[in-house]
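A.B. asks: sequence below, structure please.
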Amino acid sequence: MTLCVAWLREVNGDKELVFATDSCLSGGERWHSGVKLFELPRQDCLICFAGETNRTYPLILNLISSIKFDEHLSNSNTDITEVLDYLTNLFTTLCNSITNYQPQSFKDALGDFQFLFGGWSWKSNDFRLWKLEYKHEAKAFTHDELENENMFFTFIGDELDKAREILEEETPRLVRSFDMEPFKVLIRMIRDKSFTSIDGRVQLAKIHPPGSTEFLGVYWPSVSDGKKTFLGKDVSAANNPAVKFVDPDTGEVLDENLPEKLSNIELEIYGDHTDFLQKCYPSGKLKKELSKREKYIIKSILTQIAYDQFINRQSEILEEAQEI
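C.D. replies: This next block holds a predicted model:
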């Protein structure tokens, strides 16, 4: 199966709903790079699963397609509680339509699986999170909401008691809110090879208020001795998403990889960007208090300058070759 976790992260008064999962798919064979965390065709919610892939994938794909082509459900003005009601009814209808499962019972044929669904509710002006599963006594999917104001989290999948035990170890005493402690629990259990059903690279995403999702990559197995990974796969030149990456040991989002020093900030090199860069690099050193927007602009400027210099150098090399 797997281990998935979702929790309310609160740092310096800022809140976000975070989802994380391993990447192991199994069912007679094992895939180490299976996608388990999905963005729906709207920017305020996420869904992930644990359990039978042959059940969960068809359900999630039906849900994504249904929302995509439904103007009401895909509209962010429609609260996610309506999306929840829709997906619960959809999953119930689809599961109850399964046939030709004899000689097994329907319960055995359906298998064991769960979902985590959550996001930003504009009606509640807050994050909401539900655990969904099929209840055979009701012959329907049901959803249980997490309503804890503090220490808001839930695990689904395997080794749940152990996951909660490790979470208590990771969480500082007297602290009544989470940072990245649930993420660190997942990391520890993936690295511990005794948990054979929890495996693969970490998948990570979060939802910011008032409803915007952000997927993150993770260095694996570590920053110093690993590679960039995203949604369970190694990042390559052909598959290089424009996302931020997280240190699996600290849970920190790594900076924009900006140079600490920048010399010769001159008009001839940086043109209209010279004044901006001089403000960000007083005396040639990067200011510590920069906004995310300023960091993004710096990275964009430096990327463009490097690309322009590369193109110019290639042109010079071509001209030199022609002269020879």
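
A.B. asks: from Arg176, how far out is Ser66?
C.D. replies: 39 Å (CB to CB, to the nearest Å). Backbone N, C-alpha and C define where each C-beta goes, glycine included.

A.B. asks: and these two? which has more neighbours close in?
C.D. replies: Of the pair Ser66 and Arg176, Ser66 is the one with more neighbours under other CB atoms under 10 Å, namely 17 against 9.

A.B. asks: mind listing residues that contact whichever strand or helix holds that one?
C.D. replies: Element membership of Ser66, judged by DSSP states H and E, is helix 53-68. With CB atoms under 8 Å, 6 or more residues apart in numbering as the test, helix 53-68 has contacts from 25-27, 34, 38, 40-42, 47, 49, 73-74, 83, 86-87, 90-91, 94-95, 110-111, 113, 115.

A.B. asks: so for that helix, mean pLDDT?
C.D. replies: Averaging pLDDT along helix 53-68 yields 97.

A.B. asks: go through that helix and flag the buried ones.
C.D. replies: For helix 53-68, burial by neighbour count (16 or more other CB atoms under 10 Å) applies to Thr53, Arg55, Thr56, Tyr57, Leu59, Ile60, Leu63, Ser66, Ile67.

A.B. asks: by contact count, what packs against the helix ranked longest in the chain?
C.D. replies: Across the chain, the helix with the greatest residue count (assigned by DSSP state H) is helix 292-323. Contact partners of helix 292-323 among helices and strands, from 3 or more CB pairs under 8 Å, 6 or more residues apart in numbering; DSSP states H and E: helix 267-270, helix 274-280.

A.B. asks: single out the most deeply packed of those.
C.D. replies: Across these, the average number of neighbours (mean count of other CB atoms under 10 Å) peaks for helix 274-280, which reaches a mean of 15.

A.B. asks: circling back: could you dump the buried residues of helix 53-68 into TSV with distance to Thr154 added?
C.D. replies: Shown next, in TSV, are those (distance: CB to CB, whole Å):
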residue	distance to Thr154
Thr53	21
Arg55	20
Thr56	17
Tyr57	22
Leu59	19
Ile60	19
Leu63	20
Ser66	25
Ile67	23
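
A.B. asks: flag the shaky bits of the stretch 51-200 of the chain, pLDDT-wise.
C.D. replies: 149-150 (pLDDT under 70).

A.B. asks: can you give me the strands for it?
C.D. replies: 113-121, 126-135, 140-145, 153-157 (DSSP state E, counting those that start in this stretch).

A.B. asks: those strands into TSV, with extra columns for distance to Phe310 and mean neighbour count?
C.D. replies: Output for the strands of the stretch 51-200 of the chain, formatted as TSV (distance: least, CB to CB, whole Å; neighbours: other CB atoms under 10 Å):
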stretch	distance to Phe310	mean neighbour count
strand 113-121	41	24
strand 126-135	44	19
strand 140-145	52	15
strand 153-157	46	23
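
A.B. asks: in this protein, which residue is closest to the centre?
C.D. replies: Nearest residue to the geometric centre of the chain (CA atoms, centre = their mean): Ala205, 1.8 Å.

A.B. asks: what's near enough to touch the closest residue to that one other than its chain neighbours?
C.D. replies: The shortest distance from Ala205 to any non-neighbouring residue, by CB to CB, 6 or more residues apart in numbering, is to Phe215 (4.5 Å). Neighbouring residues of Phe215 by CB under 8 Å, 6+ apart: Leu37, Glu39, Leu204, Ala205, Phe230, Leu231, Pro241, Val243.

A.B. asks: distance of Phe215 from Lys15?
C.D. replies: 18 Å.
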